[in-house]
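>>> Pasted the sequence and its predicted model underneath.
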Amino acid sequence: MNPDETTLRSQRHPPADMPPDKRTRTLDIGGPPAKRIFDQVSIVAVVLDTNMRVVRFNRAAERLFGKSYAEVMGKPYDEALEVIARVNKDHIIQRTIALGVPNENREVEVNDPESGESYFFDFTIDPILGDDGRIAGVSIIGLDSTERTLLRRRLAEQNKDLLALQRVSNALRKTMDLERALMIITTALTSGENGGYERAMVFLVDEHREFLQGAVCVDSMGVSDPRGIWRGLTSSEGSVTQSLEKTQPILARRWGELSEAIKKIKVPLSDETSVLVHAARTGETITQDTLAEAGLNLRVHPTIDQHFHLKHFAAAPMLADREAIGLIVVDAGEKPVKFTGEQLTMLEMFASQAALAINNAYKYQNMVDRAQRDSLTRLFNHGHFQETLKTEIDRAERYGNVISLVMLDIDHFKKFNDVYGHQTGDKVLRQTALLLNSLVRISDIAARYGGEEFAVLLPQTSYEAARETAERLRDGVARKATVIGPGGQRLSVTASFGVATFPRNAKSAAELVSKADEALYLSKERGRNRVSGADDLPEVVQDDGEDSTIAPPPPARGKRTTSNKADVVVRVKSTAISPPPKKRSGKLPRKSGKVR
């Protein structure tokens, strides 16, 4: 009797002394023998004895492993079947033999030796009992799980991408600042947790839709999780560079240099040979591979290629109302990469997030501009000026700095309105505002104070430097501020200026404005189109109530001065004839109505 028949007979008639739970009840209804069934089933089946040698090996296993029954029979499993050796990770076969408990190993990758393709199998290891009820070996059954495994992995990647998008969305909700929003998007794409690209950059379409203007550029710099950077960006004030310098000084310097370089790049939207322009016009994502496949004769803009050397890149348009408002460009660097469909889909989803953030930032900025800027001159309005002045005064007090204020008033402005009409007066205001904006520093605050009065706040500027700035502004207005009247006549504009400095001339924001305003009207009294400072204002000297003298301060040591009779006003009043004079504030008396 051969072993197969002995095993089959023992299964049909188990020993009487075998425990009930160990017996296998079978019903003999005929049919093919067990070996034939074992060989012809489509599942992979391998049987090992307790010495870990192969004793059964069906045809499905032969096809999968590329070895015949004769090649593996009686050999140790780890020598005959390399895949089974991987299945035995953590010694689950030995554990099954020792404990008699089934085990499994899921999603084991198997390479087809003929096609070279990879498949995935779930392997189950079950104990096999002998006639005596003891463990005689193990069966290893493999089921093809390739489709399920690939689907699960694809879903896992999609979930990972969605989680990354959710994190980016949460970070973007914490800021309405455009530069911060773009930094969040680009750092997400270059972090190892998300896109893992070598470099990411953003180009924005200008408001006149003439150029693609570089906005921001970052590289990976080994950042795996950017959430710490995002928290720093959204929880601090100041510029992006200042926020990064607090926690990431190296990144701040590196990314600052890259962003400054890309901001100098302008790609004309009329350039039909540009890859970026093509992506913006068609609204489709472009890679270097799609360019070659489509046979498009397009190129990267020479300035971009010179600075950044794009090798393996993709450009995704940011669309708002089906119109491109910019582009996200990612580059894999020197690594040869063929972008997959999933990668491009993810990039397009990031582009959609960026478009939404940019649109929101534009709307927010427009709202802020309407609240903070004068609609006629586009300078800051009175309210924003007062808020900024208080903030700067507090900062100057805290750090021991100085701050100066220049007030100016257009000379004879009433004449422009009365003689030439209010439209001409509006032209004068706009022209003066344009000159102020062009002549002051970026850190200075130019505002329309009210009517024809303007104010320029000069942080960390001494009194002497402020007077020089005021003189430069006065000269600029006198030489360049010219408007055309309704009859075609050229009308020149001049302005009078007053300068005061904190804490030299004032101890508070209100007093600083008052002193600069008094100096301004001193310029009006002296003939207009000139600069006066708070140091030029006369002081009140009280002499026991008998007479009071208003005199200018003594000249500064080492400075050359000129005598001016108009600078000294002496008022003598007799106490015998009239009551004692009221105390004076030191402010020059104004005539009825403003002096223009």
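In hand now; what should we look at?

>>> Could you report the neighbour count for the closest residue to Ile445 other than its chain neighbours?
Nearest residue to Ile445, sequence neighbours excluded (Cβ to Cβ, 6 or more residues apart in numbering): Leu457, at 4.0 Å. Any C-beta I mention is one placed from the backbone N, CA and C, and that applies to glycine too. For Leu457, the count of nearby residues is 22 (other Cβ atoms under 10 Å).

>>> Over to Leu457. Which of the three states is it?
Put simply, Leu457 is strand when judged by DSSP: H, G, I helix; E, B strand; the rest coil.

>>> Might you report the residue contacts of it?
By Cβ atoms under 8 Å, 6 or more residues apart in numbering, the contact set of Leu457 is 385, 388-389, 392, 403-405, 444-447.

>>> I'd assumed Val300 was in contact with Asp271.
No. If you go by Cβ atoms under 8 Å, Asp271 and Val300 don't touch, sitting 11.2 Å apart.

>>> still on that earlier bit, what pairs with the residue nearest to Ile445 across the strands?
Beta-bridge partners for Leu457, by DSSP bridges, are Leu405, Ile445.

>>> Just the mean pLDDT for the helix or strand containing Ser532, thanks.
Using DSSP states H and E, Ser532 sits in strand 531-533. For strand 531-533, mean pLDDT rounds to 95.

>>> Could you chop the chain up by domain?
Following automatic domain parsing, the chain resolves into domains at 3-144, 153-369, 382-535, 538-596.

>>> could you dump those domains to TSV with distance to Ser375?
Compiled in TSV, the domains of the chain are given as follows (distance: least, Cβ to Cβ, whole Å):
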stretch	distance to Ser375
domain 3-144	66
domain 153-369	10
domain 382-535	10
domain 538-596	23
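
>>> comparing the ones you listed, which gets the lowest mean pLDDT score?
Among the domains of the chain, domain 538-596 scores lowest, at a mean of 43.

>>> what's the strand holding Ser532 packed up against?
Other elements packing on strand 531-533 under the criterion 3 or more Cβ pairs under 8 Å, 6 or more residues apart in numbering; DSSP states H and E are helix 463-480, strand 495-502, helix 509-525.

>>> and it, which strands flank it?
Paired neighbours of strand 531-533 in the sheet (DSSP bridges): strand 495-502 (parallel).

>>> For Tyr420, which non-adjacent residue is spatially closest?
Nearest residue to Tyr420 in three dimensions, chain neighbours excluded: Gly485, at 4.8 Å (Cβ to Cβ, 6+ apart).

>>> Might you report the residue contacts of that neighbour?
420, 424, 491.

>>> Give me the three-state assignment for the last one.
Using three-state DSSP as the criterion, the local structure at Leu491 reads strand.

>>> is it in a bridge, and if so with what?
Counting by DSSP bridges, Leu491 is bridged to Val483.

>>> Measure how buried it is and give me the count.
By other Cβ under 10 Å, 17 other residues sit near Leu491.

>>> And the second one, by the same measure?
Residues contacting Thr424 under the criterion other Cβ under 10 Å number 18.

>>> how far away is it from Met367?
31 Å (Cβ to Cβ, to the nearest Å).

>>> Ser523 and Ser496 touch, don't they?
Yes. The pair Ser523 and Ser496 qualifies as a contact (Cβ under 8 Å) at a distance of 3.9 Å.

>>> Between these two, which contacts overlap?
Here Ser523 and Ser496 share the contacting residues 530, 532, scored by Cβ under 8 Å, 6+ apart.

>>> Can you pull up the most central residue in this structure?
Met183 (1.9 Å; Cα atoms, centre = their mean).

>>> nearest spatial neighbour of it, skipping sequence neighbours?
With Cβ to Cβ, 6+ apart, the residue lying closest to Met183 is Val240, at 5.5 Å.

>>> For that neighbour, give me its contacts.
179-180, 183, 233 are the contacts of Val240 under Cβ under 8 Å, 6+ apart.

>>> For Pro127, see how far away Asp98 is.
One thing to correct before we go on: residue 98 is Ala, not Asp. From Ala98 across to Pro127, the span is 10 Å (Cβ to Cβ).

>>> Same drill for these two, tell me which one is more crowded.
Neighbours per residue (other Cβ under 10 Å) separate Ala98 from Pro127, with Pro127 holding more: 18 against 12.

>>> Ramachandran angles for the residue lying closest to the more buried one once chain neighbours are set aside?
Leaving aside its chain neighbours, Pro127 sits nearest to Gly100 (4.7 Å; criterion: Cβ to Cβ, 6+ apart). The phi/psi pair for Gly100 (degrees, to the nearest 10) reads phi 70, psi 30.

>>> from now on call the first residue 59
Sure, I'll start counting at 59 from here, so that last one is Gly158.

>>> Does Gly158 touch Gly191 like I think?
No. Using Cβ under 8 Å, Gly158 is not in contact with Gly191; the gap is 10.4 Å.

>>> list the residues that contact both of the two?
Here Gly158 and Gly191 share no contacting residue, scored by Cβ under 8 Å, 6+ apart.

>>> Any buried residues in the longest helix anywhere in the chain, and which?
Counting residues, the longest helix found in the chain (DSSP state H) is helix 399-430. If you call a residue buried by 16 or more other Cβ atoms under 10 Å, then helix 399-430 has these buried ones: 401-402, 404-409, 411-413, 415-416, 418-420, 430.

>>> name the helices or strands packed onto it?
helix 204-230, helix 236-248, strand 371-378, strand 381-389, helix 440-457.

>>> can we see that at 7 Å?
helix 204-230, helix 236-248, strand 371-378, strand 381-389 (3 or more Cβ pairs under 7 Å, 6 or more residues apart in numbering; DSSP states H and E).

>>> quick one, which of these is packed in tightest?
Highest mean neighbour count among the helices and strands packed on helix 399-430 (mean count of other Cβ atoms under 10 Å): helix 236-248, with a mean of 25.

>>> packing partners for whichever helix or strand comes after that one?
Sequence order places strand 257-263 as the next helix or strand after helix 236-248, per DSSP H and E. Where contact means 3+ Cβ pairs under 7 Å, 6+ apart, strand 257-263 is packed against helix 236-248, strand 269-277, strand 381-389.

>>> closest one to Arg285 among these?
Proximity to Arg285 (Cβ to Cβ) singles out helix 236-248 among these, at 9.5 Å.

>>> which residues touch that closest one?
Helix 236-248 is contacted by residues 222, 226, 229-230, 233, 252-253, 255, 257-260, 273-274, 276-278, 281, 284, 287-288, 291-292, 298, 388, 408, 411-412, 415-416, 419, 423 when judged by Cβ atoms under 7 Å, 6 or more residues apart in numbering.

>>> cool, stretch 574-588 as well?
Contact with stretch 574-588 is made by 463-467, 469, 532, 536, 552, 554-558, 589-592, 594-595, 624, 645-646, 648, 653, as judged by Cβ under 7 Å, 6+ apart.

>>> Would you list the buried entries among those?
Taking 16+ other Cβ under 10 Å as the criterion, what is buried in these is 463-467, 469, 532, 554-558, 589-592, 594-595, 646.

>>> For the nearest residue to Leu368 once chain neighbours are set aside, list each beta-bridge partner.
Leaving aside its chain neighbours, Leu368 sits nearest to Asp389 (5.0 Å; criterion: Cβ to Cβ, 6+ apart). As for beta bridges, Asp389 partners with Arg257, Phe371 under DSSP bridges.

>>> Report the separation between Asp389 and Pro596.
Asp389 is 68 Å from Pro596, by Cβ to Cβ.

>>> for Leu221, same thing?
Leu221 is 71 Å from Pro596, by Cβ to Cβ.

>>> cool, and Lys485?
From Lys485 across to Pro596, the span is 37 Å (Cβ to Cβ).

>>> Next: Leu493.
Applying Cβ to Cβ to Leu493 and Pro596 gives a distance of 31 Å.

>>> those helices in the stretch 59-208 of the chain, which residues are they?
Along the stretch 59-208 of the chain, counting by DSSP state H, counting those that start in this stretch, helices occupy 61-70, 92-98, 117-123, 127-130, 135-138, 140-145, 150-157, 204-230.
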